[in-house]
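Chemist: Fold the following and give me the result.
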Amino acid sequence: VQLQASGGGLVQAGGSLRLSCAASGTTFSINNMGWYRQAPGNQRELVAKITRRGSTNYADSVKGRVTISIDNAKNTEYLQMDSLKPEDTAIYYCAAGRGLYGNDYWGQGTLVTVSS
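Modeler: Numbering: from 1, shown residues only. Next comes the predicted model:
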């Protein structure tokens, strides 16, 4: 499975961005997809996860501002981020797993920069 992330960029505080992550290869093996982020000097952290059936899980820091979704037909997940804050600045990584919770595959990161 290969994951291709896109959609990062520079946005002002309060703005919005939509990230996409397209999976290819043996996509039938994927049961969950998710987004993680890593800011300079910090560890990689979960942003949101979603199962094929649409069950979602969000980090407390993004609840109410971020929406994860999945298009099973396209094997693509999306991360709609609204009301962005400077502390959301990070490299965002997409991930996918064969189980309901773990990650077996990682995409390249996409940089999100939120200016104040």
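
Chemist: can I assume residue 87 sits in a helix?
Modeler: Yes. The assignment for residue 87 is a helix, going by DSSP: H, G, I helix; E, B strand; the rest coil.

Chemist: count of residues packed around it?
Modeler: Each residue near residue 87 was counted by other C-beta atoms under 10 Å, and the total is 11. Every C-beta, even on glycine, is put in place using the N, C-alpha and C of the backbone.

Chemist: residues touching it, list them.
Modeler: Neighbouring residues of residue 87 by C-beta atoms under 8 Å, 6 or more residues apart in numbering: 39, 61, 114.

Chemist: Select from those residues the one having the most neighbours.
Modeler: Top of the contacts of residue 87 by neighbour count (other C-beta under 10 Å): residue 114, with 20 neighbours.

Chemist: got the contact list for it?
Modeler: Shown in contact with residue 114 (C-beta under 8 Å, 6+ apart): 11-13, 15, 84-89.

Chemist: Can you say which of these are buried?
Modeler: Buried members of the contacts of residue 114, counted by 16 or more other C-beta atoms under 10 Å: 11, 84, 88-89.

Chemist: hang on, the earlier thing: kindly indicate which of the contacts of residue 87 lies nearest residue 20.
Modeler: Among those, residue 114 lies closest to residue 20 (C-beta to C-beta), at 18.3 Å.

Chemist: Could you look up the SS state of the closest one?
Modeler: Strictly by three-state DSSP, residue 114 counts as strand.

Chemist: I'd like the distance between it and residue 78.
Modeler: Note on residue 114: its distance to residue 78, by C-beta to C-beta, to the nearest Å, is 18 Å.

Chemist: And residue 33, by the same measure?
Modeler: Using C-beta to C-beta, we find residue 33 at a distance of 10 Å from residue 78.

Chemist: nearest spatial neighbour of the residue nearest the centre of the chain, skipping sequence neighbours?
Modeler: Closest residue to the average C-alpha location of the chain: residue 35 at 2.6 Å, with C-alpha atoms, centre = their mean. Using C-beta to C-beta, 6 or more residues apart in numbering and skipping the chain neighbours, the partner closest in space to residue 35 is residue 47 (4.3 Å).
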